[in-house]
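Asker: test case, fold it:
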Amino acid sequence: MRQVLAWAVDHDPAIAVRLTAALGWWWLLRGRLPGQYGLLRDAAGRGETGSDGWCATQLWLGIAALLLSDLAGSLEHFTALRDAAAGRGPCRALADGLAGRAMALHNLGRVAEATDDGRRALAVAREIGYPAGEVHALGILSFAASAGDDHGGAALLARQAAQITAGIPGSIVRWCSYVLTIVLIQAGDLAAAENYCGPALARSRDAGDLMNEWGLLPHMVTLDLDAGRVEDAAAHLREVLQIVRRAGGRLEQLNCLDCCGYLCAATGRPAEAVTIWAAFAALFGQGGGVDAPADVRRRNEPLRAARQALGAGRVRAAEERGAAMNLATAAE
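Answerer: Next up is the predicted model:
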């Protein structure tokens, strides 16, 4: 397929656009999408703006940029998709563009705008009978509600999404469990979160669904640590880091760094905890991301304890070391 695509980009742009649009789901499922960003961009540049193939390519570009933690780029691609589809009236491309914008805006900390686009995406998806689009919109609205500390509303929206199963690909069903895991952890209901995370992780492994596997594993680390399963937490963290480093998923590598801070704090390594959290903060900010308030609050206590154990001078040295790290060094 790489040879066919390389040839098509130079000799038959229409075929290149059709192939990249068709391969998007497979690349996403197998954890290959971030590495296809350059190819997708080349194909989109050769397609007719607003065509079905061009719209599909913009969708995959937006998702790939999100996984690469290029939030501004992701928002740009999803906005282009929304604008191109707007003239068609309610359609799948419009629902996808709005939902993608909502996710990018949520990660940028622009929660009110994310909620507005999420609601519009939900309305379009329901109007045209697009269940996968409805699920995505509900999941994103759940994330936005959680960011606004409406944890009850977030869990309700996530459960509504999980109830939609007819005509839904298995990867999206598993993604609903991923959404529920996150919002329940942010609500502090870790026991309920584990009921969703463990089975969804097992199903993702059975299906070879690396996208959901790498999404769920960092949260499994959180649940392991809460239950005192330190060795399991370390094994899960090592596993997901190996996956996302191969795949090039920058966003999930950052989530792994956050987990590593908790693991170091739980195993009596305050200098390493402060170092890795300083690296996380610096690298996370480079992409323009904004930490969820619930995540900030949950991290505050172990980070305060680690700083107190070190003293001012050692804290400063650890923070400077972490802030100077690039992502590859921090992940290693």
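Asker: helices along the stretch 1-150 of the chain, start to end?
Answerer: Per DSSP state H, counting those that start in this stretch, the stretch 1-150 of the chain carries helices over the ranges 2-11, 13-29, 37-46, 52-67, 71-86, 92-107, 111-128, 131-147.
Asker: what's the angle between the fourth one and helix 13-29?
Answerer: Here the directions of helix 52-67 and helix 13-29 differ by 40 degrees (axes from the mean of the first three to the mean of the last three C-alpha atoms, to 10 degrees).
Asker: show me what counts as buried in helix 52-67.
Answerer: Buried residues in helix 52-67, counting neighbours by 16 or more other C-beta atoms under 10 Å, are found at 53-67. Every residue, glycine included, has its C-beta placed from N, CA and C.
Asker: same check on the fifth one?
Answerer: The neighbour-count check on helix 71-86 (16+ other C-beta under 10 Å) flags 71, 73-82, 84-85 as buried.
Asker: repeat that for the longest one.
Answerer: Along helix 111-128, these residues count as buried under the neighbour rule (16+ other C-beta under 10 Å): 111, 113-122, 124-125.
Asker: same check, this time on the second one
Answerer: For helix 13-29, burial by neighbour count (16+ other C-beta under 10 Å) applies to 13, 15-21, 23-24, 27-29.
Asker: what's the answer for the last one, then?
Answerer: Judged by neighbour count (16+ other C-beta under 10 Å), helix 131-147 contains these buried residues: 132-147.
Asker: so what's the nearest residue to R32 once chain neighbours are set aside scoring on pLDDT?
Answerer: Ranked by C-beta to C-beta, 6 or more residues apart in numbering and with sequence neighbours excluded, the top spatial neighbour of R32 is A247, at 6.7 Å. Listed pLDDT for A247 reads 77.
Asker: the residue lying farthest from the centre of the chain and N300: what is the separation?
Answerer: The C-alpha centroid of the chain is most remote from G313, which lies 35.7 Å away (C-alpha atoms, centre = their mean). For G313, the distance to N300 (C-beta to C-beta, to the nearest Å) stands at 22 Å.
Asker: tell me the angle the helix or strand hosting L216 makes with helix 13-29.
Answerer: Using DSSP states H and E, L216 sits within helix 210-226. If you take the same axes, to 10 degrees, helix 210-226 sits at 20 degrees to helix 13-29.
Asker: helix 210-226 - contacts with which helices or strands?
Answerer: Helices and strands touching helix 210-226, by 3 or more C-beta pairs under 8 Å, 6 or more residues apart in numbering; DSSP states H and E, are helix 13-29, helix 170-186, helix 190-207, helix 230-247, helix 250-266.
Asker: hmm, try it at 6 Å
Answerer: With contacts defined as 3 or more C-beta pairs under 6 Å, 6 or more residues apart in numbering; DSSP states H and E, helix 210-226 has these neighbours: helix 170-186, helix 190-207, helix 230-247, helix 250-266.
Asker: residues in contact with the first one: which ones?
Answerer: Identification of contacts with helix 170-186 by C-beta atoms under 6 Å, 6 or more residues apart in numbering yields 29, 132, 135, 139, 142, 146, 154-155, 158, 161-162, 192-193, 196-197, 200, 203-204, 209, 212, 215-216, 219, 222, 294.
Asker: just the buried ones from these, in PyMOL syntax?
Answerer: Written as a PyMOL command, the selection of buried residues from those, which uses 16+ other C-beta under 10 Å, is:
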select buried, resi 29+132+135+139+142+146+154+155+158+161+162+193+196+197+200+203+204+209+212+215+216+219+222+294
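Asker: read off the pLDDT value for E332.
Answerer: Reading off the model, E332 has pLDDT 89.
Asker: mind putting the helices and strands packed on helix 210-226 in a markdown table, distance to V4 included?
Answerer: Formatted as a markdown table, the entries for the helices and strands packed on helix 210-226 read as follows, by distance: least, C-beta to C-beta, whole Å:
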| stretch | distance to V4 |
| --- | --- |
| helix 170-186 | 24 |
| helix 190-207 | 26 |
| helix 230-247 | 22 |
| helix 250-266 | 28 |
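Asker: ok, which of these comes nearest L40?
Answerer: When the helices and strands packed on helix 210-226 are compared by C-beta to C-beta, helix 230-247 sits nearest L40, at 15.1 Å.
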